[in-house]
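*Asks:* Quick check, what structure comes out for this input:
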Amino acid sequence: MRVLLVEDETDLRDLISAGLASAGYAVDAVADWPQADMLLTLTEYDCVVLDRHVPSGDTLRALDARRRAGWSTPVLCLTALHALTDRVDGFRAGADDYLAKPFAMVELVMRVGSLARRAPGRLPVHVTHADLELDDARREVRRGGILLSLTPKEYAVLRYLLVHRESVVTRTALVEHCWDEMADPVSNVVDAVMTGLRRKLGSPPLIRTVRGHGFLLGRPAGDQP
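*Replies:* Numbers count the residues shown, from 1 in each chain. This next block holds a predicted model:
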């Protein structure tokens, strides 16, 4: 999943980015709303973590304007303002969740995951495909009942393939949704992760390369839906 973080405090921005990345999220982090507004125009995000007060002002006004225009990406409002009226203002402007500073990183990561899953068309918490099981709340994957040890990036790629299971997923789509904006779409990062993921998933193989197009998460030969 890809997350946009809008936070003007450098140390906190780096800390949140690292925490989300360690949980397998692709994170684009910016310090002010104009940068965020540009990225939101160019990129589809699964969730936005939005600091209320940035150099350009209170982001609730910008959030409210986007909501009125039909924008529906889940938003977690992050702020040092604790009062009930502040939280109410956040929800009225279109925030889906509200987390006050200081906070525990594990709670932030869980809230981001919960919001992203809640969006229309997103992957359910528990998914099965052939003998593969994914628990998105625990971020655990099992095949044939055996728990697999996946890296955060392997998990992110497998999750995206599950969202689009039995459809071809291009390399570009994987890079756009599982890596941040610094990733080079022509590098071998996808191949490296895919090699490790296939090895850990074992046999019979589930992921097939569709030459010239991308990857397909299908079913083992002879297996019926």
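
*Asks:* okay, CA-based contacts and neighbour counts for the rest of this
*Replies:* Noted.

*Asks:* Please enumerate the strands of this structure.
*Replies:* Shown for the chain, the strands assigned by DSSP state E span residues 2-6, 26-30, 47-51, 53-54, 57-58, 75-79, 97-100, 126-129, 132-135, 140-143, 146-148, 168-169, 207-210, 214-217.

*Asks:* of these, which approaches residue 162 most closely?
*Replies:* strand 214-217 (7.0 Å; Cα to Cα).

*Asks:* Against which helices or strands is that closest one packed?
*Replies:* helix 152-163, strand 168-169, strand 207-210 (3 or more Cα pairs under 8 Å, 6 or more residues apart in numbering; DSSP states H and E).

*Asks:* rewinding a little: wait, which of the strands of the chain is closest to residue 88?
*Replies:* Nearest to residue 88 among the strands of the chain is strand 97-100; the distance by Cα to Cα comes to 9.4 Å.

*Asks:* and that closest one, what's its mean pLDDT?
*Replies:* On average, the pLDDT along strand 97-100 is 91.

*Asks:* partner strands of it, parallel or antiparallel?
*Replies:* strand 75-79 (parallel) (DSSP bridges).

*Asks:* Now for residue 179, how many residues are close by?
*Replies:* By other Cα atoms under 10 Å, 26 other residues sit near residue 179.

*Asks:* typo on my end, residue 83
*Replies:* 9.

*Asks:* How much space separates it from residue 77?
*Replies:* 14 Å (Cα to Cα, to the nearest Å).

*Asks:* Quick check: closest non-adjacent residue to residue 93.
*Replies:* Once flanking residues are discounted, residue 93 sits nearest to residue 64: 4.6 Å by Cα to Cα, 6 or more residues apart in numbering.

*Asks:* next one: residue 166
*Replies:* Closest to residue 166 by Cα to Cα, 6+ apart is residue 218, at 5.0 Å.

*Asks:* The one you found and residue 165 touch, don't they?
*Replies:* Yes: between residue 218 and residue 165 there is a contact at 6.6 Å, judged by Cα atoms under 8 Å.

*Asks:* rewinding a little: could you provide the strands of the chain in a markdown table, with additional columns for mean neighbour count and distance to residue 176?
*Replies:* Listed next are the strands of the chain as a markdown table, based on neighbours: other Cα atoms under 10 Å; distance: least, Cα to Cα, whole Å:
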| stretch | mean neighbour count | distance to residue 176 |
| --- | --- | --- |
| strand 2-6 | 26 | 8 |
| strand 26-30 | 23 | 9 |
| strand 47-51 | 25 | 14 |
| strand 53-54 | 18 | 26 |
| strand 57-58 | 12 | 29 |
| strand 75-79 | 23 | 19 |
| strand 97-100 | 18 | 25 |
| strand 126-129 | 15 | 23 |
| strand 132-135 | 18 | 22 |
| strand 140-143 | 18 | 23 |
| strand 146-148 | 12 | 25 |
| strand 168-169 | 18 | 11 |
| strand 207-210 | 15 | 18 |
| strand 214-217 | 20 | 14 |
